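Participant: build me a model:
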Amino acid sequence: MQPLVSPGAGPIPGVPSQQPTNLFRFGGITLYSTFAFPANQALANSQNRIFTTPLGQNGQGFVGALTRTETNLKEGGRIPSGQAYDVYGVATQVIASSTAGADLVPMNAPFNDAIATVAALQNVVNTAVLQWDFTQTVVDICPVMLAGAGGGVYGAIAQNAAGANSGAMNNGNGGIWMYRKHPVALPGNTTFAVLITFGSRAAAIPAAFDMAIRVVLLGYYKSVIEIG
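Facilitator: Presented below is the predicted three-dimensional model:
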């Protein structure tokens with residue numbers, strides 16, 4: 001028995017004898033993690049490891065459990081099995097709180113009009129360096145001032161004769177992004193962390209408020225969907 005084909009049609013393509021057992025799904029995504037620094041904490045010569053504490057657990061300088069604002073990691077320090085992640089950008093956000101000691105929740109004051117706060121933001125941007133930590137290997141990424149959202153302090157402040165400030169400053173948005181041409185591949189089950197490292201000239205966090213540094217890895221993922 002011959003198959004029915006239209007006149008002039010080409011040869012019938014071959015059909016695989018087995019159905020595929022998995023499909024791949026692709027998409028853009030971010031991984032982010034935050035480290036909190038209380039008032040008066042020394043920064044000089046310190047290494048602060050992030051992407052190690054998952055959602056709902058305590059760590060990385062926070063007294064209370066990390067919430068969705070601080071991280072989106074379901075498992076600390078590891079890429080899920082069956083999912084590859086390629087990083088094509090790194091962003092760093094420096095945030096100051098309005099007061100000190102409020103359970104280290106510094107997300108409530110993204111804009112600042114105090115000279116001390118601006119100086120503290122600049123201290124972090126100018127003295128911090130990001131590094132990959134792959135358990136046995138540490139690889140430099142870049143100074144924080146070269147990571148997006150960490151390019152400097154922007155805004156305007158005016159001070160009157162009585163010493164009162166008016167205006168607003170924030171830590172700005174850097175225009176340079178790492179790994180745009182050559183992404184960093186993190187295969188499934190990869191164990192990793194990012195270090196926020198300070199040199200000897202970094203000043204301590206001021207006494208009047210807490211600070212936090214949030215690092216965001218921008219990239220895309222490929223995950224395996226089992227279908228048979």
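Participant: contacting residues around the host helix or strand of residue 197?
Facilitator: Here residue 197, judged by DSSP states H and E, is contained in strand 193-198. For strand 193-198, the external contacting residues (CB atoms under 8 Å, 6 or more residues apart in numbering) are 33, 35, 43-52, 77, 127-133, 138, 141, 144, 213, 215, 217. Where C-beta positions appear, they are placed from N, C-alpha and C, glycine not excepted.
Participant: and after it, which helix or strand comes next?
Facilitator: Note on strand 193-198: by DSSP H and E, the next helix or strand toward the C-terminus is strand 211-226.
Participant: what is the burial count for residue 28?
Facilitator: Look at residue 28: counted by other CB atoms under 10 Å, it has 9 neighbours.
Participant: right, and it touches residue 219 too?
Facilitator: Yes: under the criterion of CB atoms under 8 Å, residue 28 makes contact with residue 219 at 7.4 Å.
Participant: the strand holding residue 197: partners in the sheet, and parallel or antiparallel?
Facilitator: Next to strand 193-198 in the sheet, as set by DSSP bridges, lie strand 47-50 (antiparallel), strand 128-134 (antiparallel).
Participant: report the angle between the helix or strand that the shortest one is followed by and strand 128-134.
Facilitator: Translated: strand 47-50. Sequence-wise, the next helix or strand downstream of strand 47-50 (DSSP H and E) is strand 83-96. Angle of strand 83-96 versus strand 128-134, following axes from the mean of the first three to the mean of the last three CA atoms, to 10 degrees, is 150 degrees.
Participant: quick check: buried residues in strand 83-96?
Facilitator: Neighbour counts over strand 83-96 (16 or more other CB atoms under 10 Å) mark 83-96 as buried.
Participant: which secondary structure elements does it contact?
Facilitator: helix 115-127, strand 128-134, strand 184-186, strand 211-226 (3 or more CB pairs under 8 Å, 6 or more residues apart in numbering; DSSP states H and E).
Participant: indicate which one of the ones you listed is closest to residue 165.
Facilitator: Closest to residue 165 of these, according to CB to CB: helix 115-127, at 7.0 Å.
Participant: list the buried residues for that closest one?
Facilitator: 117-118, 120-127.
Participant: no more questions from me, cheers.
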